[in-house]
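1. no letters, just coordinates:
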């Protein structure tokens, strides 16, 4: 439908280039989450607190799967009818599940940080109480 | 009314839901980054993923508009050039997504460099 009603230049800009931009932004999101995941991994290793850091690595893969789908789909229909609908459901489903994993990972990491801060404050209060008594 | 609701394609709805959850994950990303930056006595970088979250929301809105408002008209073929309009909206949405990813990565990379720089200095 798309290629027949728009010019070749427009098709290149709005379909081909757009698909590559999608995959590029997916990779950038993946890198950003990996960096935060590495910080979460370090904190888990040092303080022995659960940060769910693997979710930062797994989550953005869902966005990448969606990006790959747009490239495959953009290069022409790979199947017809039900198979195409299934492809679309899988791609969007991966994006949804990946987003949920990112959200849960971030939430878990933030919870761990809050817990560490509370523990630190408690320890400080305990120490200051001991030193006051001494 | 229910008949109209039944006609709405469900796949893009899954994408919209994923986009909204992803934007809220980026909000959490920004919040966590702010917390971590405060811990090392720095600030400011957390604003980048926050902007990213708003851009992802913008992309979701544009994508939804293209799919639910423009696409049905383009499919009927009554208005000439409507298909191009759909492509244009999707293109702008993806540019917003690209900018969001660049901003989020800049924030994370900046924090990573600050963290490792301060560790090396110490």
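-> In hand now; what should we look at? Computed from a prediction, not measured in an experiment: that's the story for all the values here.
2. CA only for contacts and neighbour counts going forward, please
-> OK.
3. mind telling me what element residue A:51 is part of?
-> Under the criterion DSSP states H and E, no helix or strand holds residue A:51.
4. distance check, it against chain B.
-> According to CA to the nearest CA, to the nearest Å, residue A:51 and chain B sit 12 Å apart.
5. next: residue A:84.
-> Distance, residue A:84 to chain B, using CA to the nearest CA: 12 Å.
6. so which strand or helix has that residue?
-> Here residue A:84 sits within helix A:82-133, counting by DSSP H and E.
7. and that helix, what does it pack onto?
-> helix A:54-74, helix B:11-39 (3 or more CA pairs under 8 Å, 6 or more residues apart in numbering or on different chains; DSSP states H and E).
8. distance to residue A:11 added to those helices, as TSV?
-> Listed next are those as TSV, based on distance: least, CA to CA, whole Å:
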stretch	distance to residue A:11
helix A:54-74	10
helix B:11-39	22
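9. re earlier: what angle separates the helix holding residue A:84 from helix A:54-74?
-> 160 degrees (axes from the mean of the first three to the mean of the last three CA atoms, to 10 degrees).
10. and helix A:82-133 with helix B:11-39, angle?
-> Using the same axes, to 10 degrees, helix A:82-133 lies at 20 degrees relative to helix B:11-39.
11. pLDDT on helix A:82-133, on average?
-> What helix A:82-133 shows for mean pLDDT is 85.
12. how about residue 112: what's its closest non-neighbour residue?
-> With no chain named, the answer covers chain A. residue A:51 (5.9 Å; CA to CA, 6 or more residues apart in numbering or on different chains).
13. chain B, not that one
-> Closest to residue B:112 by CA to CA, 6+ apart is residue A:35, at 6.9 Å.
14. and the longest helix seen in chain B, what other elements does it pack with?
-> Ranked by residue count and defined by DSSP state H, the top helix of chain B is helix B:82-121. Counting contacts by 3+ CA pairs under 8 Å, 6+ apart, helix B:82-121 packs against helix A:18-47, helix B:11-39, helix B:47-65, helix B:71-76.
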